[in-house]
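1. take a look and give me a structure for this.
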Amino acid sequence: MKRLMDIALAVILLIALSPLLAVIALLVRFNLGSPILFRQKRPGFGGKPFLMCKFRTMRNARNAKNEILNDEERRTWFGNLLRKLSLDELPELWNVLIGNMSFVGPRPLLMSFLPHYTPEQARRHDVRPGITGWAQINGRNKLSWDEKLAFDIWYVDHQSLWLDFRILCGTAAIVLGRKGIDYSANCIPASMAHLTSGEIMSQEARL
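-> Prediction:
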């Protein structure tokens, strides 16, 4: 039932929002250049990798050593606006349609984080990852690594259509209230805390 609802809602939204998607794509191309979409391999159901699609929100700026700069140095006002309004997430509707994601589920994190999960935390991959989730309406980027994953596991153990409806309503309230949702979340495993964002992205590129 959940999968059928995901497909139906994704089709409706992709059709209804197609003019908005086209406008955002043009603005991304004008403000940030190409490519318009940010594609990154993320772990999905069962930990199986898939390509997650989002609108780009950062410049591809690199230093003299051709190393990608830290997030703060690559941010732009336009990208920050897309993130604040959660508009950068709209291409993930395609991921929902083809079955890589659901509307509600644990947010897909980085592939390089996989070795750092405990067996209990790895259970977050027992369901499809989501555009939004229980952790996103219960603290978002304010959560620590352990807190965030604890919320994810709680969702896995208590998932239901009613809970999904509550999460979607909570997400809508946050977005409409312009509080924003930092889906990328700054929490990282303690064993990777010594790495900069650029170094973590470099690890991702090697996977």
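2. contact partners for residue 33?
-> By CB atoms under 8 Å, 6 or more residues apart in numbering, residue 33 lies in contact with 59-60. Using the backbone N, CA and C atoms, a C-beta is placed for each residue, glycine as well.
3. can you read off the pLDDT for it?
-> pLDDT for residue 33: 84.
4. for residue 145, same thing?
-> Taking residue 145 on its own, its pLDDT is 87.
5. I'd assumed residue 192 was in contact with it.
-> No. Contact criterion CB atoms under 8 Å: residue 145 and residue 192 do not qualify, at 9.2 Å.
6. more neighbours: the two, which one.
-> The neighbour count for residue 145 versus residue 192, taken as other CB atoms under 10 Å, is higher for residue 145 (21 against 16).
7. what about the more buried one, distance to residue 40?
-> To residue 40, residue 145 is 19 Å away according to CB to CB, to the nearest Å.
8. got phi/psi on residue 52?
-> phi -90, psi 140 (degrees, to the nearest 10).
9. just give the nearest non-adjacent residue to it, would you?
-> Once flanking residues are discounted, residue 52 sits nearest to residue 42: 4.6 Å by CB to CB, 6 or more residues apart in numbering.
10. pretty sure the one you found sits against residue 109.
-> Yes. Taking contacts as CB under 8 Å, residue 42 lies within contact range of residue 109: 7.0 Å.
11. neighbour-wise, which of those two wins?
-> Set residue 42 next to residue 109 and count neighbours by other CB under 10 Å: residue 109 wins out with 24 against 20.
12. my guess is that one contacts residue 43. True?
-> Yes. In this structure, residue 109 is within contact of residue 43 by CB under 8 Å, at 7.3 Å.
13. give me the neighbour count for the closest residue to residue 159 other than its chain neighbours.
-> In this structure, residue 159 finds its nearest non-sequential neighbour in residue 127, 6.4 Å apart by CB to CB, 6+ apart. Neighbour count of residue 127, defined by other CB under 10 Å: 20.
14. gap between residue 127 and residue 11?
-> Separation of residue 127 from residue 11 (CB to CB): 21 Å.
15. hang on, the earlier thing: let's see whichever strand or helix holds the residue nearest to residue 52 as PDB, backbone CA atoms only.
-> Element membership of residue 42, judged by DSSP states H and E, is strand 37-43. Below are the C-alpha coordinates for strand 37-43, written out as PDB (Å, rounded to 0.1, in the frame of the first residue of the first chain):
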ATOM      1  CA  LEU A  37      21.500  18.300 -10.900                       C
ATOM      2  CA  PHE A  38      23.700  17.000  -8.100                       C
ATOM      3  CA  ARG A  39      23.900  13.200  -8.300                       C
ATOM      4  CA  GLN A  40      25.500  11.200  -5.500                       C
ATOM      5  CA  LYS A  41      25.600   7.500  -4.700                       C
ATOM      6  CA  ARG A  42      23.800   6.800  -1.500                       C
ATOM      7  CA  PRO A  43      22.800   3.500   0.300                       C
END
